[in-house]
Each structure stands twice: as C-alpha cells, then as structure tokens.
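Peer 1: next one to model:
(one chain, ligands or ions: 2)
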Amino acid sequence: MAIIYAIASQKGGVGKTTTVLNLGAALAELGCRVLLVDLDPQGGLTLSCGQEPDSLDTTIYDALRRSTSAEPYILKTSFGAGLLPANVDLALAEMELVGSLARERRLAMVLTPVGHLYDVILIDCQPSLGLLTVNALALADYLLIPVACEYLAQKAINGLLKLVKKVQVHYNSQLSIAGLLPTMFDRRTNHTAQVLKELHETFGSQLRVYEYIVYRSIRFAESAAAGEPIIHYARNIPGADAYRELAREIFLNLPTPAK
Ligand SMILES: Nc1ncnc2c1ncn2[C@@H]1O[C@H](COP(=O)(O)OP(=O)(O)O)[C@@H](O)[C@H]1O
Ligand SMILES: [Mg+2]
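Peer 2: Ligands and ions are numbered 1, 2, ... in the order given. Next up, the predicted model:
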C-alpha cells in the first residue's frame, strides 16, 4: 500500500505544486512507483506535467463525483510518474461535496483502490483549508508543509496545525506531520535567513524543520512553464538537491519492497 503525503498550506505561492512535481520526479528516478494527485482546481500541477488542464475530457473531478477508483483517470508523465489531473471542474466538486454523504472520505474512495499500484502518492492541495484539503488530510499518512522563507509564515502554519488536530480527532488518527520544508530560500538576503531562524525557534521543538532547503531559482518557474521537473530541466542547480535528498530519505524509509 502506498505511503500518502498531502502537501498543503493555505498560503498560495509557497511551493506546494513545485514540491509535488519535483519530489515526485526525484522519487520516480529512484525507481519508486509514484502517483501525483492534483487537488487544486487551478490545475497547476497538471500544467507543470505538460498537460493542458482545460482540454482534458476527464479529471479527478469525474472520479470524485462518482466515488470511483482513480485508475481510468490516471495519465502518464514524461518522467515515469502517474498523474491524476485536475482542472476548473474540481471547483464544482467542492460545492457538490458539501451536502453529500461521507463528504470527507470521497478522495479516499478514489485513491484507496489504486494504493497497491504505487509506493508513494503525493497530493497537491489547493491554498485553502476547505473540504478538498480535509479530504486529503483524512486520507494521508503524512502532511508536508512547504514554507516560503519570504515572509513570516507563522500565522498560516498555526491555522493548518489547528486543522490537523481536528482531522486527527475526527477522521484520521494516523495522520502525522512529516515536517516543514523551507522553500524560496535566497542566500543573498538576511531576511530569508531570519525567517528560517524564526521557523526553528517557533516550531523546532514540536515539528521537524527539514534540513533540506529549497533555494530560490528562476529555473523553477521556467521548468514548470516547460512542463518538466527541475531535476530534468536544470539538473544541477542547488534548489534541485533538496528535492533529491528528501526523495532519498522517503525512499529509504519505504516499508514495501520498492528498494
Ligand atoms: N525554489 C523556488 N525558487 C523560485 N521560484 C519558485 C521556487 N519554487 C517555486 N517557485 C515558483 O513560485 C511560484 C509558486 O510556486 P508553486 O509551487 O506554484 O506554489 P503553490 O503551489 O504553493 O501555490 C511558481 O511560479 C513556481 O514556479
Ligand atoms: Mg499550487
């Protein structure tokens, strides 16, 4: 059964989608069977995987609406991972789910039937703490929180931690927080270093702040526009290392015989 990571933060632009794409590509490179799940109606992950979200006939929305296995809706990426794509239709799902039965479990109904086909499933959440994100947390083994070292991120993290506690009590006692992943780290500014220091001071005693730091590089935006992961597009930039190192750690801790 796959290990499931939800990549979430209600803050936009912190590197969630970039983390799912590049961590996924790095895991695939190690030989893991990886499924990337786009759970954001903006379809940023789908686009970054080289697909045009609005020209897709079927997406995760169709699977959620029918509460059926994701399998027929999964596409192949150029780097060997599977992709369960999304487009703006997913915004409808959130509205439709609100009044439905087992509304927090719909994503589980979609992904559990394909869990045995993968070693790792990465879920790219939308920047909100709404029902879709609750669905991801209700199913995940781990939550990974990217934190941009740009502004004080503390407030957003506190809100997310409150939601995690609720989800743990009501839906998923197995959920744990893998850690905070510092992203957009700019070596040239003191401010970035200050944010990282504060992150350690505020959360370091209760949560892991990953030692893998994703450096800021314009190459990330370029590679996303080219529909390619950074580890293929610009292999040797320092920002790509963090994703490779994190992938190696996840890979080495897999319970199943992907190794
Ligand atoms: N380490 C980085 N350095 C520079 N730009 C980055 C980095 N990571 C992501 N980006 C860019 O920042 C923007 C927001 O990142 P994204 O992953 O889409 O965030 P989110 O999914 O949290 O909204 C995108 O244009 C992306 O290409
Ligand atoms: Mg995103």
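Peer 1: can you show me the helices along the protein?
Peer 2: 16-29, 44-48, 60-66, 90-98, 106-111, 131-139, 154-170, 190-203, 219-225, 230-233, 238-252 (DSSP state H).
Peer 1: for the third one, name the packing helices and strands.
Peer 2: Judged by 3 or more CB pairs under 8 Å, 6 or more residues apart in numbering; DSSP states H and E, the packing partners of helix 60-66 are strand 34-39, helix 90-98, helix 106-111. Where C-beta positions appear, they are placed from N, C-alpha and C, glycine not excepted.
Peer 1: which of these sits most buried?
Peer 2: Of all the helices and strands packed on helix 60-66, strand 34-39 carries the top mean neighbour count, a mean of 28, counting by mean count of other CB atoms under 10 Å.
Peer 1: now the angle from that one to helix 131-139?
Peer 2: 150 degrees (axes from the mean of the first three to the mean of the last three CA atoms, to 10 degrees).
Peer 1: and strand 34-39, C-alpha only, in CSV?
Peer 2: Extracted C-alpha coordinates of strand 34-39, given in CSV (Å, rounded to 0.1, in the frame of the first residue of the first chain):
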residue,chain,number,x,y,z
VAL,A,34,4.7,7.4,-7.8
LEU,A,35,1.3,8.9,-8.3
LEU,A,36,0.9,12.7,-8.3
VAL,A,37,-2.6,13.9,-7.5
ASP,A,38,-3.7,17.4,-8.5
LEU,A,39,-6.3,18.6,-5.9
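Peer 1: re earlier: how about the helices and strands packed on helix 60-66 in a markdown table, adding distance to Tyr171 and mean pLDDT?
Peer 2: Formatted as a markdown table, the helices and strands packed on helix 60-66 follow (distance: least, CB to CB, whole Å; pLDDT from 0 to 100):
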| stretch | distance to Tyr171 | mean pLDDT |
| --- | --- | --- |
| strand 34-39 | 16 | 98 |
| helix 90-98 | 14 | 91 |
| helix 106-111 | 9 | 97 |
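Peer 1: do you know which of those lies nearest ligand 1?
Peer 2: With CB to the nearest ligand atom as the measure, strand 34-39 is the member of the helices and strands packed on helix 60-66 nearest ligand 1 (10.4 Å).
Peer 1: and that closest one, which strands flank it?
Peer 2: With DSSP bridges as the test, strand 34-39 is paired with strand 82-84 (parallel), strand 120-125 (parallel).
Peer 1: would a markdown table of the helices of the chain with distance to Leu117 be doable?
Peer 2: Below are the helices of the chain laid out as a markdown table (distance: least, CB to CB, whole Å):
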| stretch | distance to Leu117 |
| --- | --- |
| helix 16-29 | 14 |
| helix 44-48 | 19 |
| helix 60-66 | 14 |
| helix 90-98 | 22 |
| helix 106-111 | 10 |
| helix 131-139 | 16 |
| helix 154-170 | 25 |
| helix 190-203 | 35 |
| helix 219-225 | 26 |
| helix 230-233 | 23 |
| helix 238-252 | 17 |
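Peer 1: buried deepest among the ones you listed, which one?
Peer 2: Per residue and on average, the most neighbours among the helices of the chain fall to helix 16-29, with a mean of 27 (mean count of other CB under 10 Å).
Peer 1: about what we covered before: out of the strands paired with strand 34-39, nearest to Ser205?
Peer 2: strand 120-125 (25.7 Å; CB to CB).
Peer 1: is ligand 1 contacted by that closest one?
Peer 2: No - using CB under 6 Å from any ligand atom, we find that strand 120-125 stays clear of ligand 1, coming within 6.8 Å at best.
Peer 1: worst mean pLDDT among the helices of the chain?
Peer 2: Looking at the helices of the chain, the lowest mean pLDDT belongs to helix 230-233 (a mean of 86).
Peer 1: show me what contacts the residue of the chain found nearest ligand 2?
Peer 2: Nearest residue of the chain to ligand 2 (CB to the ion) works out as Thr17 at 3.3 Å. Contacts of Thr17 were listed using CB atoms under 8 Å, 6 or more residues apart in numbering, and they are Asp40, Gly44, Leu45, Ser48, Asp124, Ala224.
Peer 1: didn't Val195 look like it was pressed against Cys149?
Peer 2: Yes - shown here, Val195 and Cys149 form a contact pair, counting by CB atoms under 8 Å, at 4.4 Å.
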